[in-house]
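Asker: model the following, please.
(one chain, ligands or ions: 2)
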Amino acid sequence: MIIYRATVFDTPENPFTGGALRAEADAALVVDEGRILERGPFGRVRGRWPEAGVVDLREGLLIPGMVDAHVHFPQVRAIGHLGRPLLEWLDRCALPEEMRLADEGYAREVAAEFVTGLARSGTTTALVFGSHYAAAVDALFAEADRVGLRIASGLVTSDRNLPEPLLTAPERSHEEASRLIQRWHGSGRLRYAVTPRFAYSASAELLESDAALLDEAPGVLVTSHLNENLDEIAAVAGFFPEARDYLDVYARAGLVGRGTVFAHDVHPTDAELALLGETGAAVAHCPTSNAGLGSGIFPLRRHLEHGVRVAMGTDVGAGTGFSMFKEGVQAYFLQRLAPDGVPLAAAHLLHLVTAAGAESLGLGDAVGDLSTGKRFDAVWVRPEPGEPLDVGLRHALSDEDALAKLFALGTPADAARVWVDGREVSRRR
Ligand code: GUN
Ligand code: ZN
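Answerer: Ligands and ions are numbered 1, 2, ... in the order given. Coordinates of the predicted model:
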């Protein structure tokens, strides 16, 4: 039993529907076997657990572990190619790197770099776009299991319009995915996600065989890309003339539901938003990627108006790194610039990178905030003394001001300690 003593910031009540930042100075979180048994003022709680050790985290802030709802494992080494739109970027930058993961040794190295990148940034849960190669996906699950992160991932499938070494066939991919499900789905904190790359690179038969995997085990997720780029959308309309729109391609295959997370959705129709809202499928908004590839400005207001659940992703490697603070502030920037943008306060940003992400992955009961009964997935944000964030936190005018400074100035280097289920998964040297 351990008591974590800290200034705790979280958003158990959704700020998009009337909630606000919950900020508690000198709070005690009593944690046993990874679960928060009690939470309250340290002065009151401490005496009730005299046998518990105390970890003093009063410098800095304790926030919930962050959730990256869209990030590509095989693209760690491809971060930072600037200046190309989606299809050209895939062809020139991302896919040549992804083909290198056919080599198992290479894939293991990248898996280690990837999991390190998440953990050191304070990302404790992620929905990860895997690799086209089953052995590489296996290496990712093994590394996530070793380090202890909460990960959903799966075999990426495509059977047309990509370089030949990345293509599969419905039967083969179904077999490989089944084996991965048996090995990893539900093992510890790991889950499987059915992952057709995007409608652009899939036949209807492949999408249907992917959807059939949902019957193999309860709790299997679905993830893919949707409405990211105008050229991509036009091509998909040509490949699937019978479909009403991009989302309909996935809906016809049986891939749209509450366990589905689509990345981007920068250019949706109202009919697509209505279907996302009705089915409970979530959208991962990836603002550094959307800006970097010039994909467009995410229509957050229209998503909210249609009741679509929105989470956030880094979209590494089109995104510019693992920092969810950076994604948060970038979402803020783009909404500021959009003619119909949603004014975002710091509490919205914290909610988007924590609780909203947890809910999109069906984990809202377990993680996303630091309430009694939740798992202890947490990040101790403790900037080095004298760094601008340290100065900012010391001179913040209010809790909201401190949180805004965290998004403006925070980097992965500020995640001094990170826990998942009460187990430390990263500690700054
Ligand atoms: N659409 C299909 N594949 C990808 C990818 O790897 N990155 C992004 N941003 N969009 C995609
Ligand atoms: Zn992506």
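Asker: and the stretch 251-400 of the chain, which residues reach ligand 2?
Answerer: Residues of the stretch 251-400 of the chain lying near ligand 2 by Cβ under 5 Å from the ion: 263, 315. In this view, the C-beta of every residue, glycine as well, is placed from N, C-alpha and C.
Asker: return the residues in contact with Val137.
Answerer: Applying Cβ atoms under 8 Å, 6 or more residues apart in numbering, one finds that Val137 lies in contact with 130-131, 153-155, 180.
Asker: out of those residues, which end up buried?
Answerer: Buried residues within the contacts of Val137, defined by neighbour count using 16 or more other Cβ atoms under 10 Å: 130-131, 153-155, 180.
Asker: from these, which ones fall inside strands?
Answerer: Secondary structure of the buried ones among the contacts of Val137 is defined by DSSP state E; positions in strands are 153-154.
Asker: spatially, which two of the buried ones among the contacts of Val137 are the most separated?
Answerer: When the buried ones among the contacts of Val137 are compared pair by pair using Cβ to Cβ, the farthest-apart members prove to be Ser131 and Leu180, with a separation of 11.0 Å.
Asker: overlap in contacts of the two?
Answerer: With Cβ under 8 Å, 6+ apart, Ser131 and Leu180 have common neighbours 137, 155.
Asker: could you give the number of residues near the closest residue to Ala263 other than its chain neighbours?
Answerer: With sequence-adjacent residues excluded and distances taken as Cβ to Cβ, 6 or more residues apart in numbering, Ala263 is closest to His70, at 4.2 Å. When neighbours are defined as other Cβ atoms under 10 Å, His70 has 30 of them.
Asker: which outside residues touch the helix ranked longest in the chain?
Answerer: For the chain, the helix with the greatest residue count under DSSP state H is helix 104-120. Counting by Cβ under 8 Å, 6+ apart, helix 104-120 makes contact with 68, 71, 73-74, 76-77, 100-101, 126, 128, 131, 133, 135-136, 139-140, 142-144, 147, 149, 316, 322, 412, 415, 418, 425-426, 428, all of which sit outside it.
Asker: before we move on, back to that, quick one: the residue nearest to Ala263 is in a strand?
Answerer: Yes. In this structure, His70 lies within a strand as judged by DSSP: H, G, I helix; E, B strand; the rest coil.
Asker: who in this protein is up against ligand 1?
Answerer: For the chain, the residues found near ligand 1 under the criterion Cβ under 6 Å from any ligand atom are 72, 86, 90, 94, 197-198, 225, 228, 289, 315, 318.
Asker: let's go with 5 Å and repeat that
Answerer: Taking Cβ under 5 Å from any ligand atom as the criterion, the neighbours of ligand 1 within the chain are 94, 198, 225, 318.
Asker: secondary structure of the last one: a helix, I assume?
Answerer: No. Using three-state DSSP, the secondary structure at Ala318 is coil, not a helix.
Asker: report the contact partners of it.
Answerer: Taking Cβ under 8 Å, 6+ apart as the contact definition, Ala318 lies against 75, 86, 89, 94, 286, 289, 292-293.
Asker: okay, whatever helix or strand Ala271 lives in in CSV with CA atoms only?
Answerer: For Ala271, the host element (DSSP states H and E) is helix 270-279. What follows is helix 270-279 as a C-alpha-only set of coordinates in CSV (Å, rounded to 0.1, in the frame of the first residue of the first chain):
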residue,chain,number,x,y,z
ASP,A,270,-23.1,15.4,-42.3
ALA,A,271,-24.4,11.9,-43.1
GLU,A,272,-21.1,10.4,-42.0
LEU,A,273,-21.1,12.4,-38.8
ALA,A,274,-24.6,11.3,-38.1
LEU,A,275,-23.6,7.6,-38.5
LEU,A,276,-20.6,8.0,-36.3
GLY,A,277,-22.7,9.6,-33.6
GLU,A,278,-25.4,6.9,-33.8
THR,A,279,-23.1,4.0,-33.7
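Asker: helices or strands next to that helix in the packing?
Answerer: For helix 270-279, the contact count by 3 or more Cβ pairs under 8 Å, 6 or more residues apart in numbering; DSSP states H and E identifies helix 246-253, helix 300-305 as packing neighbours.
Asker: ok, now with 10 Å
Answerer: Other helices and strands packing on helix 270-279, by 3 or more Cβ pairs under 10 Å, 6 or more residues apart in numbering; DSSP states H and E, are helix 246-253, strand 260-264, strand 282-285, helix 300-305, strand 309-312.
Asker: angle of the first one against helix 270-279?
Answerer: Here helix 246-253 runs at an angle of 40 degrees relative to helix 270-279 (axes from the mean of the first three to the mean of the last three Cα atoms, to 10 degrees).
Asker: show me which of the residues of the chain next to ligand 1 is closest to ligand 2.
Answerer: Nearest to ligand 2 among the residues of the chain next to ligand 1, counting by Cβ to the ion, is His225 at 5.6 Å.
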